[in-house]
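Participant: structural data only, the sequence is not supplied:
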């Protein structure tokens, strides 16, 4: 996964945790605007989320941060 996407995921997850608490869930859609202006990046995130890690639609933001920071 490219570094810019990793940083975006971490930033969005921290923001969600700050807003709603440590138990907040996120979907990979949370990292993108409501329009598909970068389909390649969206597919990269979807592949990492769905195909590589077989995550549920919503996962805890803290879990996603830990996975991304660990380089998984």
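Facilitator: Received it, and whenever you're ready, just let me know what you need. Predicted, not measured: the structure shown is a model, and the values here were computed from it. Residues are numbered from 1 along each chain as shown.
Participant: residue 20 and residue 61, how far apart?
Facilitator: Counting by CB to CB, to the nearest Å, the gap between residue 20 and residue 61 amounts to 9 Å. In short, each C-beta sits where N, CA and C put it, glycine included.
Participant: between those two, which has more neighbouring residues?
Facilitator: A count of neighbours by other CB atoms under 10 Å puts residue 61 above the other of residue 20 and residue 61, at 25 against 12.
Participant: the more buried one against residue 13, yeah?
Facilitator: Yes: using CB atoms under 8 Å, residue 61 is in contact with residue 13, at 4.0 Å.
Participant: find residues that contact each of these two.
Facilitator: residue 26 (CB atoms under 8 Å, 6 or more residues apart in numbering).
Participant: now do stretch 37-56: distance from first to last residue.
Facilitator: Terminal residues of stretch 37-56 are spaced 24 Å apart (CA to CA, to the nearest Å).
Participant: same check on stretch 47-65?
Facilitator: With CA to CA, one end of stretch 47-65 sits 17 Å from the other.
Participant: report the next helix or strand after the lowest-mean-pLDDT helix or strand in the chain in sequence order.
Facilitator: In the chain, the helix or strand scored least confidently by mean pLDDT, DSSP states H and E is helix 39-46, which has a mean of 93. Going down the chain from helix 39-46, the next helix or strand is strand 59-60, by DSSP states H and E.
Participant: packing partners of whichever helix or strand comes after that following strand?
Facilitator: Under the assignment DSSP H and E, the closest C-terminal helix or strand after strand 59-60 is helix 61-69. On a contact count with 3 or more CB pairs under 8 Å, 6 or more residues apart in numbering; DSSP states H and E, helix 61-69 meets helix 3-20, strand 25-26.
Participant: wait, which of these is closest to residue 53?
Facilitator: Of all the helices and strands packed on helix 61-69, it is helix 3-20 that lies closest to residue 53, at 12.4 Å by CB to CB.
Participant: report the distance from stretch 1-13 to the chain centre.
Facilitator: Offset of stretch 1-13 from its chain centre (CA atoms, centre = their mean, to the nearest Å): 7 Å.
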